[in-house]
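Engineer: Generate coordinates for the sequence data below:
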Amino acid sequence: MKSKTVAIILSALLGEFGIDRFYLGYIGLGVLKLITAGGFGIWWLIDLILIASGNMTDSDGNMLE
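Structural biologist: As a prediction, the model looks like this:
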């Protein structure tokens with residue numbers, strides 16, 4: 001199980017580089033997020049909100065702990 005706290009910290013600090021998506025196992029989306037600088041800032045903010053609200057899962061579909 002992936003940690004929600006770690007995912008929030010990674011998203012807040014390194015989300016524009018896709019590190020949060022790599023941590024959650026979404027390698028392809030992590031690369032895309034890296035290339036687009038966090039979706040020009042919009043994708044980064046949306047991911048941060050999704051992780052903090054508990055609506056994000058890891059690549060296996062497991063909820064974050």
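
Engineer: drop to CA atoms for contacts and neighbour counts, all remaining ones
Structural biologist: OK.

Engineer: Now do the helices in this protein.
Structural biologist: 4-14, 19-24, 27-35, 37-40, 42-53 (DSSP state H).

Engineer: what does the average pLDDT come to for the shortest one?
Structural biologist: The average of the pLDDT scores along helix 37-40 is 88.

Engineer: what's the answer for stretch 56-65, then?
Structural biologist: 94.

Engineer: Now do it: everything it contacts.
Structural biologist: Stretch 56-65 is contacted from outside by Met1, Lys2, Ser3, Lys4, Thr5, Leu24, Gly25, Tyr26, Asp47, Leu50, Gly54, using Cα atoms under 8 Å, 6 or more residues apart in numbering.

Engineer: how close does the first one sit to Tyr26?
Structural biologist: With distances defined as Cα to Cα, to the nearest Å, the gap from Met1 to Tyr26 amounts to 14 Å.

Engineer: for the last one, same thing?
Structural biologist: As for Gly54, its distance to Tyr26 is 17 Å (criterion: Cα to Cα).
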